[in-house]
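Engineer: Here is my input; please provide its structure:
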Amino acid sequence: MYADLDAIFRAHFSGKRAQHWTGKITEYYRSPGSSGYHAATSLVASAIREAGAEDVTVERYPLDGQTQFLGRTMPPAWEPIEGELDLVEPKEARLVSFREIPSTLPWWCGSTPETGAIVDVVDLARGLSPADYAGKRIEGKAVLIRDSESRPAWARATALAKEHGAAGIITDFLHSQTPPWRTRQALPDAVQLLRLAPGWDNPWAFAVGYGVAEALSQMIRQGPVRVRARVRARTFKGEGINLMATIHGAERREEAVLFIAHTSAGTKPCANCASGPALMIELCRAITSALRAGELPRPSRSIRFLFVAEGLGSAYFLDAHRDALPNIKAAICLDSVGHNQSQLKSSLLNYRSPDSTPSYVNDLTAALIEELPKEAEWPFLNGPVIPLVNFQSLPYTPWSDNHYWAGVKIPAPLFMSWPDLYFHTQLLTAEHTDPMVFERSGRVLGSLAVGIARLDGENAVPLLQEMAGRATLRLGKVARTTLQRLNDGGHVVPRGQIEIRYLLRRDVDALYSVLDLVRAGAERERVRAFGDRLAADLRDRANAELERVRTYGQAAMAPDAPHDEHRSEGDKIAPCRAADHLPPGVVGLSFDEMAELVAAMHRDDARANWETLRILGDELWNFADGRRTLGEIADAICFEFGVEIHPRHFFTLARGLEKAGVFTLRSVNR
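Structural biologist: Take a look at the predicted model:
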């Protein structure tokens, strides 16, 4: 697929230039609305114009703590200025400073008096329960909150600290850990950029390394500990900027393939965030260079590059440009696309567009990742066939702006690196990116975007054939897995049959999504007829696999084998959205209710964890259309993410959404 495009990007795309722009962007602290964010956005605007963008526009929106776009409240702008935390009792010592470690000040933390504040420190351990506060005088003091990894735990602990009147917070929290490399003990000097709940009256706060927190905890056990904190930070009404650069299409220029990355960042330097806009600058330069050289015919559709404040700019755009959304054929979201894989224990990942929006994008991307030339040659045959950059596909994951675009049914794959040893810490500099990884990203993503931008009836057939071939392999794999598990003593025939039927529906819908790229008339009817033949072949294959599973299952299962009670009362309930919102996530549940739900899911499937809630909650919202039952949605989500948890857990999530006023649950008769 698209070998001609790969050759063009090999000739015109430079990983070293992408790394250069990453370094330039990391010179700024880029919290939304801050002076550094605006300076970085201005830098990108100049760079994308220099790269040959044919049209560059700017839109502004308020960051004021009250304006809403599709249910998302825009937070106030926030900017750190300075901060120092010193130990004054039992001895004097510098603990951390913003000048040396910019990630130390959590977003939206408050300020101390101008001369600073000297306060006692109370050790709360993890601080997740009111019992942790029993018998302790907190008001006006600082609290030490120790690492507990999950983001909901951080939100819970800081909310309790504020509720009890803490003047300040000190923590060594490190989220998104990946044992054995990214753990609190393995990275004792890493200081995590954190966020408090957006607001105007938060306490001051410092994130510190593991060694500092351990030393404080030990000293508190031996006697009184006092610190001097000095923080200057601005929480103010500011503005965000959406910067849109365009390479115009030849015939259908109102239609577009959209790249999205954020000029905001967790902290400084935060090279993972900077690599996304840097890659977009270089992609724009490579495409316009090939156009000028006459090596690339101008695609039919436009290619656009949208630079946003992460999440916030997408929410604004989707609200402000609702009428134009049908013309956006794919939203390719970029985050950490240039990581040095050996230094950061990292892989380049394609997080697929979600199953709730079946699309050609996923199979096309997988084909490009697998089939485009790699970095190294095989000694026995000339040509780059051996990958030195690890590039894999995984299910949908709401890490970044893809979460918003998926919520309005636009195919939205996300490309980023994970694991990430130094994710959102002061340690992640531009020196930890790799031109070779940028070049692999650029060749695949450039070919993906231009391939979609030029796709029409003439070149739709090879894509349909690729998709049908991959769908056939998926059906066979489910059947083989079902029979293997049956051999191993499981009783999974009904579940396997349900999954085969689910995959058939999803993949046939994805096949027909290609028609969205084909002009109406005879050309579309020809492509539709070819798609009909492929869909019929898939149905025949699915029926054959169902029969194989049914026949073998009846022979292999003992007469008294328990039937898989997969269905539940979920078949009698259909969730409906009650608000015109972007996906709200897991809302309406208390921290204790979420903890109980995670524990219950973990008992069903040991792979489920706190982060699992994020993907389940997103797709529950995306699938809810008033027609699908909760049981059907639970099936789809479990198949999408490869987990086996009972549908009753989706009731808990759905009732939380109902409690929050964004869901209604209606009874249906099936």
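Engineer: Could you chop this structure up by domain?
Structural biologist: Domains of the chain are assigned by automatic domain parsing as 3-66+239-416+435-450, 77-236, 460-556, 569-667.
Engineer: so what's Arg501 up against?
Structural biologist: Ala542, Leu546 (CB atoms under 8 Å, 6 or more residues apart in numbering). For every residue, glycine as well, the C-beta is placed using N, CA and C.
Engineer: Please list all residues in contact with the residue nearest the centre of the chain.
Structural biologist: The centre of the chain sits closest to Trp399, judged by CA atoms, centre = their mean, with a distance of 1.7 Å. Going by CB under 8 Å, 6+ apart, Trp399 touches Asp335, Tyr351, Leu414, Met416.
Engineer: what's the most distant pair in those residues?
Structural biologist: Across these, the longest distance by CB to CB is 9.4 Å; it joins Asp335 and Tyr351.
Engineer: got any residues that touch both of these two?
Structural biologist: In contact with both Asp335 and Tyr351: Trp399, Leu414, Phe415, Met416, using CB under 8 Å, 6+ apart.
Engineer: now, which of those residues sits nearest Phe639?
Structural biologist: Leu414 (20.1 Å).
Engineer: burial count for the closest one?
Structural biologist: Summarising burial for Leu414: neighbours were counted as other CB atoms under 10 Å, giving 27.
Engineer: for it, which residues make a bridge with it?
Structural biologist: Cys333, Tyr351 (DSSP bridges).
Engineer: The residue nearest to the centre of the chain: helix or strand, and which one exactly?
Structural biologist: Assigned by DSSP states H and E, Trp399 belongs to neither a helix nor a strand.
Engineer: ok, and for stretch 496-508, which residues are buried?
Structural biologist: Applying a neighbour-count criterion of 16 or more other CB atoms under 10 Å, one finds Gly496, Gln497, Ile498, Glu499, Ile500, Tyr502, Leu503, Leu504, Arg506, Asp507, Val508 buried in stretch 496-508.
Engineer: any idea which of the contacts of Trp399 is closest to Phe623?
Structural biologist: Tyr351 (17.5 Å).
Engineer: That closest one: how many residues sit nearby?
Structural biologist: 24.
Engineer: from what I can see it touches Ala406, true?
Structural biologist: No: when contacts are counted by CB atoms under 8 Å, Tyr351 is not listed as touching Ala406 (10.2 Å).
Engineer: Name the residues contacting each of the two.
Structural biologist: Tyr396.
Engineer: The longest helix seen in the chain - what's its average pLDDT?
Structural biologist: Across the chain, the helix with the greatest residue count (assigned by DSSP state H) is helix 522-556. Average pLDDT, helix 522-556: 91.
Engineer: Just the buried positions in the next helix or strand after it, please.
Structural biologist: Counting by DSSP H and E, the next helix or strand C-terminal to helix 522-556 is strand 573-577. For strand 573-577, burial by neighbour count (16+ other CB under 10 Å) applies to Ile573, Ala574, Pro575, Arg577.
Engineer: picking that back up, ok now the longest helix of the chain, how far from the chain's centre?
Structural biologist: 33 Å (CA atoms, centre = their mean, to the nearest Å).
Engineer: Do I have it right that Gly249 meets Leu291?
Structural biologist: No: counting by CB under 8 Å, Gly249 does not reach Leu291; the two are 11.4 Å apart.
Engineer: shared neighbours, these two?
Structural biologist: By CB under 8 Å, 6+ apart, the residues touching both Gly249 and Leu291 are Arg298.
Engineer: List the buried residues of the longest helix of the chain.
Structural biologist: 524, 527-528, 530-531, 534-535, 538, 541-542, 545-546, 548-549, 552-553.
Engineer: Show me what that helix is packed up against.
Structural biologist: helix 460-487, helix 493-513 (3 or more CB pairs under 8 Å, 6 or more residues apart in numbering; DSSP states H and E).
Engineer: just the CA coordinates of the last one, formatted as CSV?
Structural biologist: Coordinates of the C-alpha atoms in helix 493-513 are reproduced here as CSV (Å, rounded to 0.1, in the frame of the first residue of the first chain):
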residue,chain,number,x,y,z
VAL,A,493,-18.6,-21.5,22.8
PRO,A,494,-21.5,-19.0,23.3
ARG,A,495,-19.0,-16.1,23.9
GLY,A,496,-17.0,-17.1,20.8
GLN,A,497,-20.1,-17.2,18.7
ILE,A,498,-21.1,-13.8,19.9
GLU,A,499,-17.7,-12.4,19.1
ILE,A,500,-17.7,-13.8,15.6
ARG,A,501,-21.0,-12.1,14.9
TYR,A,502,-19.8,-8.9,16.4
LEU,A,503,-16.6,-8.8,14.3
LEU,A,504,-18.6,-9.5,11.2
ARG,A,505,-21.0,-6.5,11.8
ARG,A,506,-18.1,-4.2,12.7
ASP,A,507,-15.9,-5.1,9.8
VAL,A,508,-18.7,-5.0,7.2
ASP,A,509,-19.6,-1.5,8.5
ALA,A,510,-15.9,-0.5,8.2
LEU,A,511,-15.9,-1.8,4.6
TYR,A,512,-18.8,0.5,3.7
SER,A,513,-17.1,3.5,5.4
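Engineer: quick check: mean pLDDT across that helix?
Structural biologist: For helix 493-513, the per-residue pLDDT averages 94.
Engineer: now do stretch 74-83
Structural biologist: pLDDT averaged over stretch 74-83 gives 98.
Engineer: same check, this time on stretch 405-415
Structural biologist: On average, stretch 405-415 scores 96.
Engineer: do the same with stretch 139-151
Structural biologist: On average, stretch 139-151 scores 91.
Engineer: Pull the residues that contact that stretch.
Structural biologist: Under CB under 8 Å, 6+ apart, the answer for stretch 139-151 is 119-128, 154, 157-158, 161, 164-177, 184, 210, 213, 216-217, 220, 227, 229, 609-611.
Engineer: Could you rerun that using 7 Å?
Structural biologist: 119-128, 157, 161, 164-175, 177, 184, 213, 216-217, 227, 229, 610 (CB atoms under 7 Å, 6 or more residues apart in numbering).
Engineer: How far away from the center of its chain is that stretch?
Structural biologist: For stretch 139-151, the distance to the chain centre is 26 Å (CA atoms, centre = their mean).
Engineer: Could you verify my assumption that Gly238 touches Gly33?
Structural biologist: Yes: between Gly238 and Gly33 there is a contact under CB atoms under 7 Å: 3.2 Å.
Engineer: overlap in contacts of those two?
Structural biologist: Common neighbours of Gly238 and Gly33 (CB under 7 Å, 6+ apart) are Leu63, Ala77.
Engineer: which of the two has more neighbours?
Structural biologist: More neighbours surround Gly33 than the other of Gly238 and Gly33, with 28 against 22 (other CB under 10 Å).
Engineer: could you check the distance from that one over to Leu388?
Structural biologist: 40 Å (CB to CB, to the nearest Å).
Engineer: go on, Arg485?
Structural biologist: For Arg485, the distance to Leu388 - CB to CB - is 36 Å.
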